[in-house]
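Novice: Show me how the following folds:
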Amino acid sequence: MNMMAIVAHPSMETSKINAALSLELQRSGMFMHELYREYPDWSIDVEREQAYLLKYDRIILQFPFYWYSCPPLLKKWFDDVLVPGWAFGPGGDKLAGKAFMVVTTVGGTEKQYRSGGFNKYTMSELLRPIERTLTRCHADFLPPYAVYNTTFASEDEIKQEATRCAAIVRAPVESLIS
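Specialist: Next up is the predicted model:
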């Protein structure tokens with residue numbers, strides 16, 4: 001399967017967990033596309049981004065979870081790249097058959113991201129706007145992969161999570177949704 005990871009971390013050089021995840025995904029043969037490195041001026045090359053989306057079968061959206069959402073450049077990427085007539089609406093079927101998966105990192109514990117927990121909702125519930133954006137564009141949305149408690153993760157835990165993440169994102173779709 002032809003896979004790409006769109007990484008949206010505004011300060012990747014200071015990130016331990018996202019850097020480890022990216023490195024392990026790259027080692028597994030995935031094409032890595034870092035939005036903040038590629039577009040420091042926030043001027044997104046829409047045609048180039050759309051060409052990338054057409055080229056790859058599975059697209060991983062990797063980012064730290066910011067205020068119950070994605071970092072702002074990724075939101076701008078959605079707004080600029082997934083346009084009517086291309087991604088949705090009449091003639092907008094270019095993402096049909098593409099599989100998207102969110103890989104996100106949070107400082108809080110998994111227990112805090114449960115119904116009734118500190119954050120009131122599960123990670124899947126909080127990612128619904130991204131899920132609906134992609135399904136509206138006729139793409140398949142795979143179950144997200146969240147790395148919790150990153151604030152206190154040891155080097156060994158980070159390495160284990162990166163290895164686990166790379167295995168999961170490369171797994172056949174059937175094993176992810178069963």
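
Novice: burial of the residue nearest to residue 106 when sequence neighbours are not counted, as a residue count?
Specialist: Spatial nearest neighbour of residue 106, excluding adjacent residues (Cβ to Cβ, 6 or more residues apart in numbering): residue 65 at 4.6 Å. (Glycine included, C-beta is placed from N, CA and C.) The tally of other residues near residue 65 (other Cβ atoms under 10 Å) stands at 23.

Novice: my guess is residue 65 meets residue 112, correct?
Specialist: No: the criterion here is Cβ atoms under 8 Å, and residue 65 misses it with residue 112 at 11.5 Å.

Novice: Residue 169 against residue 100, yeah?
Specialist: No: counting by Cβ under 8 Å, residue 169 sits too far from residue 100 to count as a contact (10.8 Å).

Novice: any shared contact partners between the two?
Specialist: 58, 60 (Cβ atoms under 8 Å, 6 or more residues apart in numbering).

Novice: Need the outlier residue of this protein, farthest from its centre.
Specialist: The outermost residue of the chain, judged against the average C-alpha position, is residue 90 (26.4 Å), by Cα atoms, centre = their mean.

Novice: Work out for me the element that one sits within.
Specialist: Assigned by DSSP states H and E, residue 90 falls within no helix or strand.

Novice: Run through the residues that contact the residue most central in space within the chain.
Specialist: Taking Cα atoms, centre = their mean, the centroid of the chain lies closest to residue 61, which sits 1.8 Å from it. Contact analysis of residue 61 by Cβ under 8 Å, 6+ apart lists 5, 6, 8, 70, 74, 100, 101, 102, 103, 130.

Novice: go with 7 Å
Specialist: Contact partners of residue 61, counting by Cβ atoms under 7 Å, 6 or more residues apart in numbering, are 6, 74, 100, 102.

Novice: which of the residues you listed count as buried?
Specialist: 6, 74, 100, 102 (16 or more other Cβ atoms under 10 Å).

Novice: Which of these sits closest to residue 162?
Specialist: residue 102 (16.1 Å; Cβ to Cβ).

Novice: and the nearest residue to the closest one once chain neighbours are set aside, how many neighbours?
Specialist: Of all residues not flanking residue 102 in the chain, residue 144 sits nearest, at 4.1 Å (Cβ to Cβ, 6+ apart). Per other Cβ under 10 Å, the neighbour tally for residue 144 reads 18.

Novice: do the same with the one 5 residues further on
Specialist: Using other Cβ under 10 Å, residue 149 has 17 neighbouring residues.

Novice: Surely it is in contact with residue 113?
Specialist: No: judged on Cβ atoms under 7 Å, residue 149 makes no contact with residue 113 at a distance of 10.4 Å.

Novice: Show me the strands in the chain, by range?
Specialist: For the chain, strands defined by DSSP state E occupy the ranges 3-7, 31-34, 58-64, 99-105, 140-141, 145-147.
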